[in-house]
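Enquirer: I'll drop the sequence and a predicted model, then ask my questions.
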Amino acid sequence: PATASSTENASTPASAAVDGNTGTRWSSAFSDPQWIQVDLGQNYDLNHVTLTWEAAGSKAYTVQTSTNASSWNTIYTNNNSTGGIQDISTSGTARYIRVNSTARLSQWGNSLYEIAAYGPTSGGGPDPTLLSQGHPATASSTENASTPASAAVDGNTGTRWSSAFSDPQWIQVDLG
């Protein structure tokens, strides 16, 4: 679950920043400061966070983590962001991740396509499992018979899915 200090409107909720779809986004009210927070459901040993900003991103922000949603640790500070995709290497245990913006890039609100966090479960649990590999994949189209949807989930980085030369296109995986 994701929550935020505000949303621009009903079509840009906090949940859009964690839905895995870079075609949707969270957008805040047109004022500073603003924040968005994600509850990962349990503690993880974080090793990487990726933020994918829309053009109306944040100029100055911190990434914070917490195990209890009340005591926060700042793991990254950016006071001169230009937006775009920002990959942040980190370490530490967290159940909650918060992006706390103190200055916007434009007159619009903060707009974030995705927050992605990576790392195994805390306390010696197994590494995250790749769920998509080997499951049935389908797509809106394929470029040719040598680039099927199944090639995107076969575990081989030498194969690939490629769509027809038109928009829009999609690929999906049935995890069972």
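Expert: Here it is on my side, so go on. None of the values given here were measured: they were computed from a predicted structure.

Enquirer: need the three-state assignment for A152.
Expert: helix (DSSP: H, G, I helix; E, B strand; the rest coil).

Enquirer: who touches it in this structure?
Expert: By C-beta atoms under 8 Å, 6 or more residues apart in numbering, the contact list for A152 reads A137, R160, W161, I171, V173. Backbone N, C-alpha and C define where each C-beta goes, glycine included.

Enquirer: again, 6 Å this time
Expert: The neighbourhood of A152, defined by C-beta atoms under 6 Å, 6 or more residues apart in numbering, consists of A137, W161.

Enquirer: what about it, distance to T138?
Expert: 11 Å (C-beta to C-beta, to the nearest Å).

Enquirer: same check, this time on I97
Expert: 32 Å.

Enquirer: more neighbours, those two?
Expert: Neighbour tally, I97 and T138, criterion other C-beta atoms under 10 Å: the higher count belongs to I97, 25 against 12.

Enquirer: the more buried one belongs to a helix?
Expert: No. Going by three-state DSSP, the assignment for I97 is strand, not a helix.

Enquirer: and the closest residue in space to it that isn't next to it in sequence, how many residues sit next to it?
Expert: Distance criterion C-beta to C-beta, 6 or more residues apart in numbering; nearest residue to I97, sequence neighbours excluded, is V38 at 4.9 Å. The burial count assigned to V38 is 22, neighbours taken as other C-beta under 10 Å.

Enquirer: tell me the pLDDT of V38.
Expert: At V38, the predicted lDDT confidence score is 96.

Enquirer: next one: A29
Expert: On pLDDT, A29 comes in at 97.

Enquirer: just G124 next, same as before
Expert: 60.
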